[in-house]
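Visitor: following is a predicted model, sequence given first.
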Amino acid sequence: RSVFLQGEAYFNVRHNPSRAFYVLADGVKTSVLGTEFTVRTRDQSTSVALIKGSVLVTGLGKSELLHPKQKISLDYKTAQVELKIFDPQLELFWKDQQLVFDNQTLDSIVKILESKFNKSIQVMDPTLRKVPITGTFKGKGITTILLAISKAADFSFRINDQSHIILYRSNYSDELTLKK
């Protein structure tokens, strides 16, 4: 059983020793050993992220047995291979359209939102960075998420253009008006 992939896909495969399962993507071979994982190819780069189980990834002359929450990226332009730990929720955001924050600081949430929505977010009040946030957002856009978080954490935000957002406490609003 083999799949040839271009783009991005999520797999949940039951182990069957008599029928091996392989994903082939841009010269990277992923041997499935009963697992849940993603494979993404883009611009001569392939990444495999393991959610559960195990997979053997082979490419660029190297083989790596992945464990849960490990992600390997193989860049054919630079011939670099990088192995790192990842957050499965963020890896699967494209599939589930769900973000779950469990007592995470606003600072870490800002980084996630910047990455997932391709926005630049500036936090004007440094005390906001440490504010803990808990919530689940399914299928929501960045404006809806920020509205909910801003109500809970008592701050405001302004979208200056399509790619830049400013978070501030009410005492910063006069300063923002002057700088406009």
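Guide: Looks like it came in fine.

Visitor: okay, now the unreliable bits of this protein?
Guide: Within the chain, the segments meeting pLDDT under 70 span 171-180.

Visitor: what segments of it are helices?
Guide: Ranges of helices in the chain, per DSSP state H, are 88-91, 93-96, 106-117, 142-153, 173-179.

Visitor: need these in TSV (columns: mean neighbour count and distance to Thr134).
Guide: Where C-beta positions appear, they are placed from N, C-alpha and C, glycine not excepted. Listed next are the helices of the chain as TSV, based on neighbours: other Cβ atoms under 10 Å; distance: least, Cβ to Cβ, whole Å:
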stretch	mean neighbour count	distance to Thr134
helix 88-91	16	14
helix 93-96	12	18
helix 106-117	17	10
helix 142-153	15	9
helix 173-179	10	26
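
Visitor: relative to Trp94, how far out is Asp161?
Guide: Distance, Asp161 to Trp94, using Cβ to Cβ, to the nearest Å: 25 Å.

Visitor: now do the residue nearest in space to the middle of the chain against Pro126, distance only.
Guide: Residue closest to the average C-alpha location in the chain (Cα atoms, centre = their mean): Leu90, at 3.3 Å. Distance of Leu90 to Pro126, given as Cβ to Cβ: 25 Å.

Visitor: just Gly27 next, same as before
Guide: Computed with Cβ to Cβ, the distance linking Gly27 and Pro126 is 46 Å.

Visitor: of these two, which one has the most company?
Guide: Shown here are Gly27 and Pro126; by other Cβ atoms under 10 Å, Gly27 has more neighbours (13 against 8).

Visitor: which residues are in contact with the nearest residue in space to that one that is not next to it in sequence?
Guide: Leaving aside its sequence neighbours, Gly27 sits nearest to Gly59 (Cβ to Cβ, 6 or more residues apart in numbering; 5.7 Å). By Cβ atoms under 8 Å, 6 or more residues apart in numbering, the contact list for Gly59 reads 27-29, 46, 74, 81.

Visitor: filter these down to the ones in strands?
Guide: 28-29, 46, 74, 81 (DSSP state E).

Visitor: how about a markdown table for these, with neighbour count and distance to Val39 added?
Guide: Listed next are the ones in strands among the contacts of Gly59 as a markdown table, based on neighbours: other Cβ atoms under 10 Å; distance: Cβ to Cβ, whole Å:
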| residue | neighbour count | distance to Val39 |
| --- | --- | --- |
| Val28 | 22 | 8 |
| Lys29 | 14 | 11 |
| Thr46 | 25 | 7 |
| Leu74 | 25 | 11 |
| Val81 | 15 | 15 |
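
Visitor: ok, of those residues, which one's closest to Ala20?
Guide: Closest to Ala20 out of those is Lys29 (11.0 Å), distances taken as Cβ to Cβ.

Visitor: my guess is that closest one contacts Thr58, does it?
Guide: Yes: Lys29 is within contact range of Thr58, at 4.6 Å (criterion: Cβ atoms under 8 Å).
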